[in-house]
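**Student:** Can you look at this prediction? I've put the sequence above it.
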Amino acid sequence: MLKTSLSLLLVFFFFEPAFAQTSACVKSKEAVLRSSMEKKGIEVGKATQYTPFSLTGKTKRNWLEAKDLNGRKVWIRRGDVSYTLSCISVRVNKTRLYKRPTKKSEKGKLARRGDSFLDLGGEDGWLQVQTKAGDIRWINLDHIWRPTAKMRMSFERD
């Protein structure tokens, strides 16, 4: 038992960097999304600040392959993203931002599918976010999308 626990600890300690970069967030005002990993690749869209992406693990020079909210694969420049920021996107057609974490709170701006925010943490089904303008608001946790790491592990007995 101790041997198994120690082995798992060592695996996570030494191989943590391989798991660390499973998501990224646009840190610049705007990032160009391309169909291939070249500046000459077809531009398939643009992502605004705080747009989250799930990384596929494919990289080439200064480019990363990523998936957006809709599962679409795109290539984005490594310099346009941050691995340390935590960002979310609205996954429902529209939702309200609130001043406090309750629907009884003063209603704020309407957010639409794909709008992105900086994740500041949450409580009781609510997430506090920062808008691109710097306003701090609350959003219902059921209305957001954030990239998650999917990891498959198997444990075998010796």
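**Tutor:** Nice, I can see it. Numbering: from 1, shown residues only.
**Student:** mind checking the SS state of residue 104?
**Tutor:** When classified by DSSP: H, G, I helix; E, B strand; the rest coil, residue 104 comes out as coil.
**Student:** tell me the contacts of the spatially most central residue of the chain?
**Tutor:** For the chain, the residue nearest the mean C-alpha position is residue 52 (3.4 Å; Cα atoms, centre = their mean). Counting by Cβ atoms under 8 Å, 6 or more residues apart in numbering, residue 52 touches 23-25, 69, 87-89, 116, 145-147. (Glycine included, C-beta is placed from N, CA and C.)
**Student:** can we see that at 10 Å?
**Tutor:** 23-26, 66, 68-69, 81, 85-89, 116-119, 144-147 (Cβ atoms under 10 Å, 6 or more residues apart in numbering).
**Student:** Filter those residues down to just the buried residues.
**Tutor:** For the contacts of residue 52, a burial check counting by 16 or more other Cβ atoms under 10 Å picks out 23-26, 66, 68-69, 81, 85, 87-89, 116-119, 144-147.
**Student:** where along the chain do the helices fall?
**Tutor:** Here the chain has its helices, by DSSP state H, at 2-20.
**Student:** Against residue 59, how distant is the residue nearest to the centre of the chain?
**Tutor:** Here residue 52 is placed at a distance of 18 Å from residue 59 (Cβ to Cβ, to the nearest Å).
**Student:** so where's this protein shaky on pLDDT?
**Tutor:** Residue ranges of the chain with pLDDT under 70: 1-20, 149-158.
**Student:** Residue 67 - how many residues pack around it?
**Tutor:** Residues within reach of residue 67, counting by other Cβ atoms under 10 Å, total 15.
**Student:** Who are the contact partners of it?
**Tutor:** 23, 53-56, 73-74, 147.
**Student:** redo that, cut-off 6 Å
**Tutor:** Shown in contact with residue 67 (Cβ atoms under 6 Å, 6 or more residues apart in numbering): 54, 73.
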